[in-house]
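**Student:** What shape does this take:
(4 chains)
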Protein chains: 2
Amino acid sequence: MGKTGTNPKAILDLDRIVHEPARLAILTVLASAEEVAFLFLQRVTGLSKGNLSSHTQKLEGAGYLETVKAFQGRIPVTSFRITEDGRTALRAYHQQLRALLPKEGKP
Amino acid sequence: MGKTGTNPKAILDLDRIVHEPARLAILTVLASAEEVAFLFLQRVTGLSKGNLSSHTQKLEGAGYLETVKAFQGRIPVTSFRITEDGRTALRAYHQQLRALLPKEGKP
DNA sequence: GAAACAAGTTTGTATTGCAAACTTGTTTTG
DNA sequence: CAAAACAAGTTTGCAATACAAACTTGTTTC
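**Tutor:** A predicted model of the protein is given here:
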């Protein structure tokens, strides 16, 4: 009896900021560390610098992360931290995905 | 111990055809029925006609569904069926999502 | 038979995602 | 020590979307 099907309209409500794979990757990394440096984030996601830059800007615009600019000696280092809003959005997104996934082992 | 984090690069490999919410909604509906009429699909997804038309065309181009044009009496009725490839792609997508979701009840 | 309606498709536009080119500063080297 | 190479990011330009408004073709209704 368990109709698995979520209401298809709910799928259209997914947070597009989070849904974009590059940004989901970024948020996923940020969620597991206190602060992450630009170059580390680039290596671990495999994104190009330009791409990473614009996606982090978008995430910052959405209030999902904050940018920390500092100096390591005399070279500039940009790092990111996920915000509370970002964490909340990511969790909400995960919940939405869970809701739309069929229970493991459907025909 | 249990590092939940999937490799972030894997997130970038998500099938973009399926990942788009409108198309995911469409495929989800199609996967649960043998054949679905255009207008029914429109009502259940909430998509506009134009939108639905172009997304189904894209899915057809990808080989994920097939279009069936018929007549109900004398009015034309367009319906869709998911293909084997479509079903495979949807299942693969579900697997990828499961892999990146943290186990229920993380801090 | 003209006017409203139905079922889809095509067209136009604004938004994106992406990488190449640029900027600013630092290190290396001839 | 000047110039060339390099590093860290950002901005710019372009191709690909996603979306809805306008159009097309055919059918009822009045």
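
**Student:** Now do the same for residue A:28: its pLDDT.
**Tutor:** Listed pLDDT for residue A:28 reads 97.

**Student:** Would you check how far apart the closest residue to it other than its chain neighbours and residue B:90 are?
**Tutor:** Closest residue to residue A:28 apart from its sequence neighbours, by Cβ to Cβ, 6 or more residues apart in numbering or on different chains: residue B:8 at 5.7 Å. C-betas here are computed from N, CA, C, even on glycine. Noted for residue B:8: a distance of 23 Å to residue B:90, by Cβ to Cβ, to the nearest Å.

**Student:** again, but for residue A:67
**Tutor:** According to Cβ to Cβ, residue A:67 and residue B:90 sit 37 Å apart.

**Student:** residues from chain A in reach of chain B?
**Tutor:** Chain A has residues A:5-6, A:8-9, A:11-12, A:14, A:16, A:19, A:21-22, A:24-26, A:28-29, A:32, A:44-47, A:94, A:97-98, A:100-102, A:104 near chain B, with proximity defined as Cβ under 8 Å from any Cβ of the partner chain.

**Student:** give me that answer again for 7 Å
**Tutor:** A:5, A:8-9, A:11-12, A:14, A:21-22, A:24-25, A:28-29, A:32, A:44-46, A:94, A:97-98, A:101-102 (Cβ under 7 Å from any Cβ of the partner chain).

**Student:** Which ones among those residues lie within helices?
**Tutor:** Applying DSSP state H to the residues of chain A next to chain B, the entries found in helices are A:8-9, A:11, A:21-22, A:24-25, A:28-29, A:44-45, A:94, A:97-98.

**Student:** Out of the residues you listed, grab the one that's most surrounded.
**Tutor:** Tallying neighbours with other Cβ atoms under 10 Å in any protein chain shown puts residue A:25 at the head of these, with 26 neighbours.

**Student:** which residues touch it?
**Tutor:** Going by Cβ atoms under 7 Å, 6 or more residues apart in numbering or on different chains, residue A:25 touches A:45, B:8, B:11, B:12.

**Student:** and the residues of chain A next to chain B near DNA strand C, which?
**Tutor:** The subset of the residues of chain A next to chain B within reach of DNA strand C, by Cβ under 7 Å from any atom of the strand, is A:21, A:22.

**Student:** Residue A:44 against residue B:8, yeah?
**Tutor:** Yes: taking contacts as Cβ atoms under 7 Å, residue A:44 lies within contact range of residue B:8: 5.6 Å.
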